[in-house]
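1. can't give you the sequence, but here's the structure:
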């Protein structure tokens, strides 16, 4: 075993005080022991450690690239329950919208339902490398798009600290370290403990409970540690919080500032405009056509009030059964729409997630110079999501008399809601490591082998397409009794689609048995890595010792995602479908690093060191590439230090980007560039090239019909994709006071990714076609099918896309850190401020596109950060933390800013949020008996998420749904631990 008390003190100080000043404290810790160990220090070479960002072991933490060190104690102090929550306190995550479990509700996301990943700088989780004790943590998740480590897989109770390298490091760690590296360090030592914790919101729903135990033992030639952890996150339903319940239009008068939403006369309040249900009427020439939506009078309000219905006065007029009324055709009638439903109450906002984990690690000195080590992690996560959805079929002409009570020149399209929607995801993730390390003179070597295996199952509720179509065809007289659906093989059942009960989702058992099913898909991802490297000193230079590291790596990846039988058969109505995604790759790499002390002890240069690294990588599914990085570390004097770096990287395509098999999604017809193109051209909001191409394609200028969603099919780009390339640059200034009380740093970063892999489909392909100056020969125009215009139907049927190298992304910004620590008459005080400023976050979809600047938009604040204040007095610790997100707005995306029109009248929409702060307070008491108690309050002032207009922001109800905002509200947390 290789231990060093002086260095461990430095790390402890770094955790408390911040990595901005670790050089100062590393020196301070050494100085405290220098007198009593002076003689030993002269005769022995100092012990060295390895920190993320370099393979070379050094005797300090003064890296040439910026590193944040986050202590896992923050999780206890702030009531954080998962590793993902802990990492989202870092500024590398707070400036962009992150994938949290709540974001995976109701949509298909990378990693599947309940997955949590970190996207450093917002560059994507597959461009952020996660290490566990300096070695890769393999991907975890479900479905075809598995590429990142799931933060739920490792319990936070096993973590001692997290080192975050805020700089690209592909030349040392491989292609996915584009944005940076997260290195998770687990606990070691003899300490053993049992902990029980709870996090209880003051409103019910979203509670968290955890129990874990850890046991550690050191002996003469080694150590061993075991951790067992059980964590339960209970479900938060939409009905549990008022801010989720009612999704109002949320529009305001420009003159008075008052909300001017339509009023629902049944409640007397602003109308809740969530998911509508009713009878859709598609006009085919009815003279009295009033509205697309006709709703049923479930409460009897319309029958008792003068609400107009349908009257037949001439041929082709609409007639409806008693109780049906046109809705949503004027400001007043918008308030009559049936678009809120009891099923909303049970919709999952935070899924129930149960995680059971065990972790083992150990090391043993085989000889005085050779040690063996090993790690074993296994976790099981079960995530349950409940939801509701809208679905429709059949499409029946009312005038031919097939549906009792309905008449007129309209097509009947019953659109119902159902609570048969949701999923259960089970992930078993295992990771094993065995390795050997040793020393030959002043050289250290390390050889390790790692295998991670992810096995996931995802069960989901589906609506059977063949059953729905068969029941629809039966209305036309097709046979049903005694027949079976062609794919699902279910006995046909005659469904009465046109009753209020059916549309409300109150289905009889026969309908449920015929239409609804459950399916299960499976995902397996395996990763094997063999890594060997050596580090040591080459020779002495006038300014110090020239040190180096070099190594080799071999890695294999394999994925197989097999969707459920219904999806594979293309028989899931209205949901994403895909084929089997399967592929494998192997990656071979050789890398080297050198650290050269150039100058020592001259005017304005106490020290100047240069570090350079290079890597050659060969990927079987792509080819080979080289990357490099050069860093400089200049100690000026009087506590000032400058650090700078420039590096390149390439990211070879992920397996799902290569082999994703025919994934199907849906998008609105309004994304068609030719939708109502004449009006938009006259208003000056449409490119003349688009208008000319739409006319050339035979699309009428007033075409604005919507006969249902278009299908978007995307697949992998095997044989076509090349690697992404990037350049990362940074420069920073670090300062620490002579007495080590104050320290600060500022680091500028600039990252540009070229040939970024992007999934091009849906509206993007349509845009590329109709914006082309070579419309007649444009290849993208062959990638979609459109209806031929019969009955005015020019809707898009299907768009075929996939992954291509087309995009470019650039981010620029600066990180600021300020720290203060001192012993005062009141106790030990520590203060740390982390702040990040984004200057630019631009995305270029295509070379001919206009760059999209996201800085300051919703989910991408220009300013964000955290302030942590701690006071230690005797056996008490007091902690106060403020997490803040700067003001954001989407108003600049619209021609008239926040203003627009609703039913022809000017209104103000809300698509902005002010600076938002969340406060956390906790106190901790250590008892002599080994008991440790922490009590605290998270979201101290019960700050609700900002409200927005759903038409201009991602919301549930009117609450903004971005990872920076707290959805739970004020909650009390407790952690009770016993150390033995």
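-> That came in fine, so what should we check first? Quick caveat, the model's predicted, so the values are computed rather than measured.

2. Give me the residue at the spatial middle of this structure.
-> Ranked by distance to the mean C-alpha position of the chain (Cα atoms, centre = their mean), the top residue is residue 99 at 1.5 Å.

3. I'd assumed it was in a helix, is it?
-> No. Residue 99: not assigned to a helix; according to DSSP: H, G, I helix; E, B strand; the rest coil it is coil.

4. mind listing what the closest residue to it other than its chain neighbours touches?
-> Leaving aside its sequence neighbours, residue 99 sits nearest to residue 117 (Cβ to Cβ, 6 or more residues apart in numbering; 5.1 Å). All C-beta atoms are positioned from the backbone trio N, CA, C, and that covers glycine. Neighbour list for residue 117: 84, 98, 99, 110, 111, 125, 128, 148, 149, 150, 151 [criterion: Cβ atoms under 8 Å, 6 or more residues apart in numbering].

5. Make a markdown table out of the residues you listed and add distance to residue 181.
-> Output for the contacts of residue 117, formatted as a markdown table (distance: Cβ to Cβ, whole Å):
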| residue | distance to residue 181 |
| --- | --- |
| 84 | 17 |
| 98 | 17 |
| 99 | 18 |
| 110 | 19 |
| 111 | 19 |
| 125 | 13 |
| 128 | 8 |
| 148 | 13 |
| 149 | 12 |
| 150 | 17 |
| 151 | 15 |
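
6. So which other helices or strands are in contact with the helix or strand where residue 768 lies?
-> Assigned by DSSP states H and E, residue 768 belongs to helix 763-770. Contact here means 3 or more Cβ pairs under 8 Å, 6 or more residues apart in numbering; DSSP states H and E; on that basis helix 763-770 packs against helix 688-696, strand 784-786, strand 796-824.

7. quick one: buried residues of the shortest one?
-> Spelled out, it's strand 784-786. 784, 786 (16 or more other Cβ atoms under 10 Å).

8. which residues touch that strand?
-> Strand 784-786 is contacted from outside by 697, 765, 766, 769, 794, 795, 796, 797, 798, 799, 800, using Cβ under 8 Å, 6+ apart.

9. Nearest residue to the fourth one in space, please, no chain neighbours.
-> Right, the one you point to is residue 769. For residue 769, ignoring the flanking residues on the chain, the nearest one in space by Cβ to Cβ, 6+ apart is residue 781 at 4.1 Å.

10. tilt between the helix holding residue 768 and helix 688-696?
-> Angle of helix 763-770 versus helix 688-696, following axes from the mean of the first three to the mean of the last three Cα atoms, to 10 degrees, is 80 degrees.

11. how far does helix 763-770 sit from the chain's center?
-> Relative to the chain's own centre, helix 763-770 is displaced by 27 Å; criterion: Cα atoms, centre = their mean, to the nearest Å.

12. which residues of the stretch 1-150 of the chain fall in strands?
-> Residue ranges of the strands in the stretch 1-150 of the chain, as given by DSSP state E, counting those that start in this stretch, are 67-71, 128-132, 135-136.

13. Would you point out the helix or strand in the chain whose mean pLDDT is lowest?
-> helix 22-43 (a mean of 38; mean pLDDT, DSSP states H and E).

14. By residue count, tell me the biggest strand in this structure.
-> When the chain is parsed with DSSP state E, its longest strand is strand 410-440.

15. Show me the helices in the stretch 251-400 of the chain, by range?
-> 331-334 (DSSP state H, counting those that start in this stretch).

16. if we can go back for a sec, show me what the longest strand of the chain is packed against.
-> Under the contact criterion of 3+ Cβ pairs under 8 Å, 6+ apart, strand 410-440 touches strand 278-283, strand 370-392, strand 396-397, strand 443-463, helix 500-504.

17. Which strands border that strand, and is each parallel or antiparallel?
-> Strand 410-440 pairs in its sheet with strand 278-283 (antiparallel), strand 370-392 (antiparallel), strand 396-397 (antiparallel), strand 443-463 (antiparallel), by DSSP bridges.

18. Buried residues in that strand, which are they?
-> Neighbour-count burial for strand 410-440 flags 410-427, 429-431, 433, 435, 437-438 (criterion: 16+ other Cβ under 10 Å).

19. model confidence over that strand, on average?
-> On average, the pLDDT along strand 410-440 is 96.

20. Assign a three-state SS to residue 467, would you?
-> helix.

21. So it versus residue 476, what's the distance?
-> Residue 467 sits 16 Å away from residue 476, going by Cβ to Cβ, to the nearest Å.

22. Kindly report the same for residue 946.
-> As judged by Cβ to Cβ, residue 946 and residue 476 stand 50 Å apart.

23. These two: who's more crowded?
-> Between residue 946 and residue 476, counting by other Cβ atoms under 10 Å, residue 946 is the more crowded of the two (23 against 10).

24. Pull the contacting residues for the more buried one.
-> Listed by Cβ under 8 Å, 6+ apart, the contact partners of residue 946 are 913, 914, 916, 959, 960, 965.

25. and if you look at residue 466?
-> Residue 466 is in contact with 485, 486, 487, 488, 571, counting by Cβ under 8 Å, 6+ apart.

26. Kindly report the same for residue 528.
-> 449, 450, 451, 555, 556.

27. swap the cut-off to 7 Å and go again
-> By Cβ atoms under 7 Å, 6 or more residues apart in numbering, the residues touching residue 528 are 451, 555, 556.

28. Among those, name the buried ones.
-> With burial judged by 16+ other Cβ under 10 Å, the buried subset of those is 451, 555.

29. ok, so of the contacts of residue 528, who is nearest residue 589?
-> Among these, residue 555 lies closest to residue 589 (Cβ to Cβ), at 7.9 Å.

30. Which helix or which strand is home to that closest one?
-> Residue 555 is part of strand 544-562 when elements are defined by DSSP H and E.

31. For the helix or strand following that strand, name the packing helices and strands.
-> Next helix or strand after strand 544-562 toward the C-terminus (DSSP H and E): helix 565-568. In this structure, helix 565-568 makes packing contacts with strand 516-541, judged by 3 or more Cβ pairs under 7 Å, 6 or more residues apart in numbering; DSSP states H and E.

32. in its sheet, what does the strand it packs on sit against?
-> The pairing partners recorded for strand 516-541 under DSSP bridges are strand 443-463 (antiparallel), strand 544-562 (antiparallel).

33. Please name whichever of those strands is nearest to residue 332.
-> Taking Cβ to Cβ, strand 443-463 is the member of these nearest to residue 332, at 34.4 Å.

34. quick one: the closest one to strand 128-132, angle?
-> Taking the same axes, to 10 degrees, strand 443-463 and strand 128-132 form an angle of 120 degrees between their directions.
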